[in-house]
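[1] only geometry, no sequence info:
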């Protein structure tokens with residue numbers, strides 16, 4: 001899991017926008033393919049029919065012509081249903097999301113989407129009722145809807161043509177100007193999509209099976225027992241999309257988009273950001289190629305409308321992806337408001353193995369150093385401190401220094417810090433209290449389970465009770481590492497020990513750490 005929630009939602013947000021775009025294009029295309037006609041034939045035929053009636057029969061004949069209209073009852077029923085639904089959704093949005101429940105502020109974005117849908121239904125209802133009530137002579141402001149939307153229909157007959165009059169040819173604006181994507185180019189795009197997808201799927205499966213894809217910092221968020229079948233299932237969906245796309249470009253594109261988007265969401269929490277972005281783009285490219293082949297006979301207006309709608313949805317999709325990430329992978333409680341410490345040679349430090357007369361301090365540095373030791377004293381400025389033996393830290397030791405102290409006084413507060421090349425690092429200095437050597441009153445805090453790299457305020461609350469010791473009873477993180485790679489375990493520990501709130505807690509008391517399944521492998525792992 002990456003430590004930055006905002007960066008982790010980039011992939012699902014981008015793919016969510018693409019998925020919405022593809023779903024909308026599919027919805028437009030599927031309806032009119034079932035009717036065996038292209039939707040952009042409606043406007044020129046309806047308006048051409050009206051122009052022909054006006055030329056041949058005059059204004060009276062043109063006004064009486066109902067070519068392109070559906071039945072009157074269709075408009076009345078659709079209008080009443082859509083208008084009622086729009087009103088119902090509006091009332092529900094305001095009643096349910098604004099003041100009715102205490103948690104409504106967290107999902108107010110849903111209310112916005114519901115209100116947008118309500119406006120759409122209301123608009124369709126108003127147009128339909130106006131056309132139905134003034135059937136045959138719809139209001140001027142409603143006539144464009146008949147020619148440009150499914151409220152009208154393509155004429156089943158052609159208008160009478162006067163002798164010697166030839167119908168005018170209507171030129172449509174296309175996405176690529178006056179030229180359009182040819183059938184040959186469309187065939188090439190689909191062929192490239194197939195080859196591209198087959199190579200990508202086989203390569204991905206091979207690398208994933210061998211565990212050769214770099215894992216996210218601190219390990220993975222999805223267990224391998226779940227991740228591998230999930231990835232295989234999504235690859236099967238992508239393969240189905242390829243088969244569909246060879247016959248139906250739009251349907252194949254949406255299935256490819258669904259598979260690519262889902263795989264991108266999994267990759268965004270399973271792999272580092274750069275790998276997740278690469279996986280997402282690689283598997284989303286075939287959907288785009290099929291979309292390119294599909295739009296070859298679509299007009300520029302169609303593409304422009306979809307682009308505007310998609311751009312308007314970007315903000316809500318981003319916010320929604322962020323909420324999903326926070327709900328399932330973010331903190332279970334509010335983030336700590338502590339100010340992060342400045343950089344110093346020491347990355348993290350904590351103490352444990354404490355008794356009434358001894359303790360051990362362990363610290364990790366950022367780079368190699370020749371002279372490192374730990375100082376321990378009863379004063380916060382470490383005056384008169386006793387020091388551990390000087391040692392060199394390097395990559396072979398993973399930049400970790402360990403120092404043990406004996407013959408300490410019981411029930412006494414000690415301060416410690418790491419000295420690096422003759423200079424004490426007071427930025428990440430810590431303290432502890434040795435245990436009483438007799439009966440005494442004291443506080444012990446304990447917990448179990450924390451999300452990898454959590455910077456939650458709960459750690460501040462534990463620190464504020466000033467416990468004699470903090471007992472971590474297992475699942476120090478949920479990295480779900482089941483690869484034989486010690487570096488992944490070190491990364492997971494480094495990520496948690498370095499967060500602001502956890503680091504402050506560990507520097508304020510002694511810690512006792514008990515392992516559970518996630519601490520040495522994946523979920524539900526055991527000694528075997």
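    Structure's in. What do you need? Not measured: the values here are computed from a predicted model.
[2] Surely residue 490 is in contact with residue 397?
    No - contact between residue 490 and residue 397 fails when scored by C-beta atoms under 8 Å: they sit 11.6 Å apart. The C-beta positions use only the backbone N, C-alpha and C, and glycine is treated the same way.
[3] anything in contact with each of those two?
    When C-beta atoms under 8 Å, 6 or more residues apart in numbering defines a contact, no residue borders residue 490 and residue 397 alike.
[4] Show me the helices in the stretch 101-250 of the chain, by range?
    108-133, 143-148, 183-209, 224-247, 249-270 (DSSP state H, counting those that start in this stretch).
[5] Just checking, which helix or strand succeeds the last one along the chain?
    So the one you mean is helix 249-270. Per DSSP states H and E, helix 249-270 leads on to helix 273-294 as the next helix or strand towards the C-terminus.
[6] on contacts alone, who are the packing partners of that following helix?
    On a contact count with 3 or more C-beta pairs under 8 Å, 6 or more residues apart in numbering; DSSP states H and E, helix 273-294 meets helix 10-34, helix 183-209, helix 224-247, helix 249-270.
[7] Just read off the phi/psi values of residue 137.
    phi -130, psi 70 (degrees, to the nearest 10).
[8] Near it, how many residues? Count them for me, please.
    11 (other C-beta atoms under 10 Å).
[9] Please apply the same query to residue 399.
    Around residue 399 there are 20 residues (other C-beta under 10 Å).
[10] for the residue nearest to residue 419 when sequence neighbours are not counted, phi and psi?
    With C-beta to C-beta, 6 or more residues apart in numbering as the criterion, residue 419 has its nearest non-adjacent residue at 5.1 Å, and that residue is residue 373. Per-residue torsions, residue 373: phi -150, psi 170 (degrees, to the nearest 10).
[11] contacting residues for residue 373?
    387-391, 401, 403, 418-419 are the contacts of residue 373 under C-beta under 8 Å, 6+ apart.
[12] Could you say which of those is surrounded by the most neighbours?
    Neighbour max across the contacts of residue 373 (other C-beta under 10 Å) = residue 418, 29 neighbours.
[13] Wait, a strand at it?
    Yes - according to DSSP: H, G, I helix; E, B strand; the rest coil, residue 418 belongs to a strand.
[14] From residue 384, how far out is it?
    17 Å (C-beta to C-beta, to the nearest Å).
[15] can you check residue 477 too?
    From residue 477 to residue 384 the distance is 38 Å (C-beta to C-beta).
[16] more crowded one of those two?
    With neighbours defined as other C-beta under 10 Å, residue 477 and residue 384 compare such that residue 477 has more, 24 against 9.
[17] Skip the chain neighbours and tell me the closest residue to the more buried one.
    Counting by C-beta to C-beta, 6+ apart, the residue nearest residue 477 is residue 452, at 4.1 Å.
[18] Verify the contact between the one you found and residue 493 for me.
    No - if you go by C-beta under 8 Å, residue 452 and residue 493 don't touch, sitting 9.7 Å apart.
[19] Mutual contacts of the two, please.
    With C-beta under 8 Å, 6+ apart, residue 452 and residue 493 have common neighbours residue 477.
[20] Now do stretch 118-131, average pLDDT.
    For stretch 118-131, mean pLDDT rounds to 82.
[21] Outside of it itself, which residues are in contact with it?
    With C-beta under 8 Å, 6+ apart as the test, stretch 118-131 has contacts from 69, 75-76, 78-90, 93, 138-139, 142, 145-146, 151.
[22] try 10 Å
    69-70, 72, 74-94, 137-139, 141-146, 149-152 (C-beta atoms under 10 Å, 6 or more residues apart in numbering).
[23] where does the residue nearest to residue 419 land on pLDDT?
    96.
[24] Tell me how far it lies from residue 351.
    Applying C-beta to C-beta to residue 373 and residue 351 gives a distance of 15 Å.
[25] can you tell me the helix or strand for residue 339?
    Counting by DSSP H and E, residue 339 is part of no helix or strand.
[26] What sits closest to it if chain neighbours are left out?
    Per C-beta to C-beta, 6+ apart, closest to residue 339 is residue 500, 7.5 Å.
[27] Wait, that neighbour touches residue 463, no?
    No - using C-beta atoms under 10 Å, residue 500 is not in contact with residue 463, being 11.3 Å away.
[28] Look at those two and report which has more neighbours.
    Per other C-beta under 10 Å, whichever of residue 500 and residue 463 has more neighbours is residue 463, with 20 against 17.
[29] what's near enough to touch the more buried one?
    For residue 463, counting by C-beta under 10 Å, 6+ apart, the contacting residues are 338, 445, 470, 501-502, 504-509.
[30] The stretch 301-450 of the chain: strands as residue ranges?
    346-352, 359-365, 369-377, 386-387, 391-393, 400-405, 413-420, 423-433, 444-447 (DSSP state E, counting those that start in this stretch).
[31] Just give the number of residues close to residue 71.
    Neighbours of residue 71 (other C-beta under 10 Å): 11.
[32] Quick check: it touching residue 136?
    No - contact criterion C-beta under 10 Å: residue 71 and residue 136 do not qualify, at 11.8 Å.
[33] Now list the buried members of the contacts of stretch 118-131.
    69-70, 75-76, 78-79, 82-83, 85-86, 89-90, 93, 138, 142-143, 145-146, 151-152 (16 or more other C-beta atoms under 10 Å).
[34] Excluding sequence neighbours, find me the nearest residue to residue 405.
    Per C-beta to C-beta, 6+ apart, closest to residue 405 is residue 376, 5.3 Å.
[35] swap in residue 151?
    residue 145 (5.0 Å).
[36] and the gap between that neighbour and residue 73?
    Distance from residue 145 to residue 73, by C-beta to C-beta: 18 Å.
[37] Can you pull the phi and psi angles for residue 512?
    Torsion angles, degrees, to the nearest 10, at residue 512: phi -120, psi 130.
[38] Serialize the contacts of residue 373 to CSV and add fields for pLDDT and distance to residue 117.
    Shown next, in CSV, are those (pLDDT from 0 to 100; distance: C-beta to C-beta, whole Å):
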residue, pLDDT, distance to residue 117
387, 96, 69
388, 96, 67
389, 95, 71
390, 94, 70
391, 93, 66
401, 96, 60
403, 96, 64
418, 97, 59
419, 96, 64
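[39] Of all pairs in those, which one spans the longest distance?
    389 and 418 (13.5 Å; C-beta to C-beta).
[40] joint contacts of the two?
    What both residue 389 and residue 418 touch, as defined by C-beta under 10 Å, 6+ apart, is the set 373-374, 403.
[41] With distance to residue 124 added, can I get those residues in TSV?
    Putting these into TSV (distance: C-beta to C-beta, whole Å) gives the following:
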residue	distance to residue 124
373	76
374	73
403	74
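[42] For stretch 246-256, buried residues please.
    So, applying 16+ other C-beta under 10 Å, buried residues of stretch 246-256: 248-256.
[43] Could you export the residues you listed as JSON lines, including distance to residue 130?
    Listed next are the buried residues of stretch 246-256 as JSON lines, based on distance: C-beta to C-beta, whole Å:
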{"residue": "248", "distance to residue 130": "36"}
{"residue": "249", "distance to residue 130": "36"}
{"residue": "250", "distance to residue 130": "32"}
{"residue": "251", "distance to residue 130": "35"}
{"residue": "252", "distance to residue 130": "39"}
{"residue": "253", "distance to residue 130": "36"}
{"residue": "254", "distance to residue 130": "34"}
{"residue": "255", "distance to residue 130": "39"}
{"residue": "256", "distance to residue 130": "40"}
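[44] Can you tell me which of those residues is nearest residue 428?
    Among the buried residues of stretch 246-256, residue 256 lies closest to residue 428 (C-beta to C-beta), at 49.6 Å.
[45] Next one: residue 515 from residue 89, what distance?
    52 Å.
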